[in-house]
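Asker: Provided below for reference: sequence and predicted model.
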There are 2 protein chains.
Amino acid sequence: MKLKVGVIGAGTVGGGVIHLLLNHHGYIKNQTGVELELKHIVEIKSDLLKPYDLSNVTTSSDIETLINDPEIDVVCELIGGIEPAKTFIIKALQAGKHVVTANKMLLAKYGDELCKIAKETKKELRYEASVAGVIPIIKTLKEVLSTTHIESICGIVNGTCNYILSRMTYEGLDFDTVLKEAQANGYAETPPDLDIEGYDTAHKCQILASLCFGMPVPLDKIYVEGITEITHSDVSYANEMGYVIKLLAIVRKVEGEIEARVHPTLVPQNHLLASVRNEFNAVYVESETAGPTLYYGKGAGRFPTATAVLSDLLSLAYRKESPPLPPFNHYHDLNIRDIGLLQNRYYLRFTTKDYPGVLGRICTILGKHQVSISSCHQKETLSYHQALPVHVIIMTHESLESSVQSALTEIDKLDCIVEPTHLIRVLQ
Amino acid sequence: MKLKVGVIGAGTVGGGVIHLLLNHHGYIKNQTGVELELKHIVEIKSDLLKPYDLSNVTTSSDIETLINDPEIDVVCELIGGIEPAKTFIIKALQAGKHVVTANKMLLAKYGDELCKIAKETKKELRYEASVAGVIPIIKTLKEVLSTTHIESICGIVNGTCNYILSRMTYEGLDFDTVLKEAQANGYAETPPDLDIEGYDTAHKCQILASLCFGMPVPLDKIYVEGITEITHSDVSYANEMGYVIKLLAIVRKVEGEIEARVHPTLVPQNHLLASVRNEFNAVYVESETAGPTLYYGKGAGRFPTATAVLSDLLSLAYRKESPPLPPFNHYHDLNIRDIGLLQNRYYLRFTTKDYPGVLGRICTILGKHQVSISSCHQKETLSYHQALPVHVIIMTHESLESSVQSALTEIDKLDCIVEPTHLIRVLQ
């Protein structure tokens, strides 16, 4: 079995793919029986190609020579972003080539359109590397858990956020310090908004939800909240109560509808996801017949991501004579639930003046909105001084999100409340 | 894409496969585009078939009718054991049918022979369900990590042992109590030897090692030690030092040779494998370019195992027009290292009389054999009474196994030593 490969982009991931195709060629043939032959690279910055011995590889700086190369079976799009990546993928499919991509943003925004083109052209569009790097979550959802009903997926799928939250948790640092450090050593991009505001996680959430529920989930229907509001105090209070804070992509089926949401979440310390630290990713899947399963590994980085790209190439080689597989099967059109309908437990951090009667006023308003309190903590302060704000932490029983939000709107108008109350959802 | 399936055996796993094929047929078609059609069941005990609506399925009590059924694409062998399973698989392959099996013992003992027959007949022999149930470790090793060099695999792959050790760890129970309880509620078989003596784990170790190192590893070259000697004291001392005890299958490449071993292991409490509790399985893989990855889920049980069988059926359907894949590629013949060559850290539990000079004599002998001590604990006893044995716990620095064993042979001859010293290897 032999597959002739073209690569667009020789940056971090593309360079990793080029390296592995050149250097692991013989090993891969031994292990799998498959020859993955690198034939063509498109890269504008020719500097990026200097580290490689490309004596048997065509290189060019425009996509047309690759598209028109009749030998190429599959094109790996590894430049990222929306354009020109989208145009390149469409051209490659229409030229009769399979496409492998790591481009989560493009898939989350235009996956449905690209899937339709892949089906029309009878070529495959594969995207293992787009979610959680080396973790074979796409393959597992398509080829293993596709025979059972997925009940929920909870994923730590952004290494930057997990690195920041881990450092805050285990080294007691605050958000800004860790972010700067992460940017300095390459764990976070500049600007970091796509990561820390939760959008990158939402892109992956969109891909996972679409795949396991058989429908293109509109990106703008996914509730998204990043980690920028998480303070060292939250991390510390959570720890005292037996939780760690993780940014999760959560998809669930509830009463025949779909929940798809991204937000910081209190995860019990004895849950496997709590043990996923630093830049690592993990995806926890609960399904009807297979029970809970978890998949863990590096979600980013040159070689982990390149390994995922190669796994798509291998699958294409293994199936070269067989009919193409669709990127995902669209057979459902379920409603996406509004976040207001969520039934969940909540961590609420109130920042109040230290007046008499404050706790009573907060609790009365929560009660009026049918939000029941599971635990309440107010830290004793060393000196009683009404001008100094104090934190009151309330954990609720399972409550309706819209009721909690209504209660908080009312509470935040009280004159004793110093800053907007911070809400973090608890993993159910 | 359509695949016509025959099933041999309607016991725990076979019954799960039958249930899923009958009841998830439409869902699987929606999710994957594949029709997995149950056509034929062979089962001697017709009682086992009563729960199912088999109006469109041929049932028979002998294998010949299935083998001679020209419609069948693939036969699932789900009866377990060596014979008649081995004969059935060979007959099915020779009759031009693919085979899917969950039979780890058969693969570990005769996998090489069966693989050769599969290659000769140009049919596939698939065995995802043979290791770690629903965890797609075979698929991951063959289709994802086969482009990188595997450095090591550490697996918790026997749910019974993990259940017993978990109950000993978290509920302070002793081995015999937990074993009886596990047998009573179906977590352990009667007799339990295959599990608790480590042989079942060794079968899975053989399959993993053969697959990732490209050679049939002889089962009798795998070092095997079960969990029957683990006492509540060991669990408790390990806990105090920051470890939990797990039965691991370990395969590693060391200096161009292969280590393949099964034994109880001290796993640091902050390692992901330490969080794998009760009947769950997990496989931790370290590879050159992909880094560490972990896969977690139920390693046994009707539906988790049946889900793994179905994943093999799906893969066969997806690849129906393509050339068959070999069960594994044999391209290496590396030496299997003797356990005596292991360089490792060791937990040693000495049971001694409480004489003056005992610790000195033990430490002197260890030193003579070049075994260096990392920590030493002797618990203070309430009453000093030379007749009462005490435990001395020594953790070594990295040492050569054969030196440690020589030292223990010498130490265990001392008149102050009450019972053979217990050695547990530490996860490196």
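Answerer: All right, it came through fine.
Asker: Could you chop chain A up by domain?
Answerer: Domain segmentation of chain A under automatic domain parsing yields A:2-133+A:303-318, A:137-298, A:340-426.
Asker: For those domains, give me JSON lines that also has mean neighbour count.
Answerer: Just so you know, the C-beta spots here come from the backbone N, C-alpha and C atoms, and that holds for glycine as well. Output for these, formatted as JSON lines (neighbours: other Cβ atoms under 10 Å in any protein chain shown):
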{"stretch": "domain A:2-133+A:303-318", "mean neighbour count": "20"}
{"stretch": "domain A:137-298", "mean neighbour count": "21"}
{"stretch": "domain A:340-426", "mean neighbour count": "16"}
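Asker: Close to chain B: what parts of the stretch 1-150 of chain A are there?
Answerer: A:1, A:16, A:20, A:24, A:27-28, A:30-33, A:36, A:134-136, A:139-140, A:142-149 (Cβ under 8 Å from any Cβ of the partner chain).
Asker: So which of those are in strands?
Answerer: Here DSSP state E is the test, and these give residue A:36 as lying in strands.
Asker: re the thing from before, tabulate the domains of chain A in CSV, adding columns for mean pLDDT.
Answerer: CSV is the format used below for the domains of chain A (pLDDT from 0 to 100):
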stretch, mean pLDDT
domain A:2-133+A:303-318, 96
domain A:137-298, 95
domain A:340-426, 92
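Asker: now the helices for chain A?
Answerer: A:12-23, A:25-32, A:63-67, A:85-94, A:104-121, A:137-143, A:159-171, A:175-184, A:193-196, A:199-213, A:232-240, A:302-318, A:358-368, A:401-411 (DSSP state H).
Asker: Of these, give the one that comes closest to residue B:419.
Answerer: In terms of Cβ to Cβ, the element of those nearest to residue B:419 is helix A:159-171, at 41.4 Å.
Asker: neighbouring contacts of the closest one?
Answerer: Residues from elsewhere that reach helix A:159-171 (Cβ atoms under 8 Å, 6 or more residues apart in numbering or on different chains): A:133, A:156, A:173-175, A:178-179, A:181-182, A:187-189, A:192, A:195-196, A:198, A:200-201, A:226-227, A:230, A:232, A:235, A:239, A:244-247, A:264, A:276-281, A:298-300.
Asker: got the angle between that helix and helix A:199-213?
Answerer: 110 degrees (axes from the mean of the first three to the mean of the last three Cα atoms, to 10 degrees).
Asker: and the residue nearest to residue A:407 when sequence neighbours are not counted, what does it touch?
Answerer: Nearest non-adjacent residue to residue A:407, counting by Cβ to Cβ, 6 or more residues apart in numbering or on different chains: residue A:369, 3.9 Å away. Residues in contact with residue A:369, defined by Cβ under 8 Å, 6+ apart, are A:403, A:404, A:406, A:407, A:410.
Asker: Repeat the analysis, applying 7 Å as the threshold.
Answerer: A:403, A:406, A:407 (Cβ atoms under 7 Å, 6 or more residues apart in numbering or on different chains).
Asker: Equivalent analysis for residue A:213, please.
Answerer: A:253, A:258, A:332, A:334.
Asker: For chain B, see how far away the closest residue in space to residue A:54 that isn't next to it in sequence is.
Answerer: Using Cβ to Cβ, 6+ apart and skipping residues adjacent in sequence, the residue nearest residue A:54 is residue A:41, 7.0 Å away. Distance, residue A:41 to chain B, using Cβ to the nearest Cβ, to the nearest Å: 18 Å.
Asker: swap in residue A:408?
Answerer: 34 Å.
Asker: who touches the nearest residue to that residue once chain neighbours are set aside in this structure?
Answerer: Nearest non-adjacent residue to residue A:408, counting by Cβ to Cβ, 6+ apart: residue A:421, 5.0 Å away. For residue A:421, the contact set (Cβ under 7 Å, 6+ apart) comprises A:348, A:349, A:350, A:408, A:411, A:412.
Asker: and the stretch 301-428 of chain A, which residues reach chain B?
Answerer: Residues of the stretch 301-428 of chain A lying close to chain B (Cβ under 7 Å from any Cβ of the partner chain) are A:303-304, A:307, A:310-311, A:314-315, A:318-323, A:325-326, A:329, A:331.
Asker: switch to 10 Å and redo it
Answerer: A:301-315, A:317-323, A:325-326, A:328-332 (Cβ under 10 Å from any Cβ of the partner chain).
Asker: What of the stretch 151-300 of chain A?
Answerer: Applying Cβ under 10 Å from any Cβ, one finds that the stretch 151-300 of chain A approaches chain B through A:211-214, A:270-277, A:279-280, A:282, A:284-285, A:287-298.
Asker: Just the residues you listed: which are in strands?
Answerer: Going by DSSP E, the strands hold A:280, A:282, A:284-285, A:287, A:291-298 from those.
Asker: Among those residues, which pair sits farthest apart?
Answerer: Spatial extent of these (Cβ to Cβ) is set by the pair A:291 and A:298 at 25.3 Å.
Asker: Residue A:103 and residue A:97, how far apart?
Answerer: 16 Å (Cβ to Cβ, to the nearest Å).
Asker: Let me know how buried the spatially closest residue to residue A:115 that is not a sequence neighbour is, in neighbour terms.
Answerer: Leaving aside its sequence neighbours, residue A:115 sits nearest to residue A:327 (Cβ to Cβ, 6+ apart; 4.4 Å). The number of residues packed near residue A:327 is 25, by other Cβ atoms under 10 Å in any protein chain shown.
Asker: so residue A:327 sits right up against residue A:128, yeah?
Answerer: No - contact criterion Cβ atoms under 10 Å: residue A:327 and residue A:128 do not qualify, at 11.2 Å.
Asker: Would you mind listing the residues touching both of those two?
Answerer: A:138, A:142 (Cβ atoms under 10 Å, 6 or more residues apart in numbering or on different chains).
Asker: Report the beta-bridge partner residues of residue A:419.
Answerer: Listed by DSSP bridges, the beta-bridge partners for residue A:419 are residue A:351.
Asker: For it, give its distance to residue B:236.
Answerer: In terms of Cβ to Cβ, residue A:419 sits 48 Å off from residue B:236.
Asker: for residue A:342, same thing?
Answerer: Counting by Cβ to Cβ, the gap from residue A:342 to residue B:236 is 43 Å.
Asker: and if you look at residue A:101?
Answerer: 52 Å.
Asker: Quick one: residues contacting whichever residue of the stretch 301-428 of chain A sits closest to chain B.
Answerer: Nearest residue of the stretch 301-428 of chain A to chain B (Cβ to the nearest Cβ) works out as residue A:303 at 3.8 Å. The contact partners of residue A:303, taken as Cβ under 10 Å, 6+ apart, are A:12-13, A:15-17, A:19-20, A:133-134, A:310, B:148, B:287-291.
Asker: Could you pull up the residues touching residue A:94?
Answerer: Residue A:94 sits in contact with A:67, A:117, A:120, A:121, A:123, where contact means Cβ under 10 Å, 6+ apart.
Asker: Just the closest of the residues you listed to residue A:399, please.
Answerer: The closest of the contacts of residue A:94, once distances to residue A:399 are taken by Cβ to Cβ, is residue A:117, at 44.5 Å.
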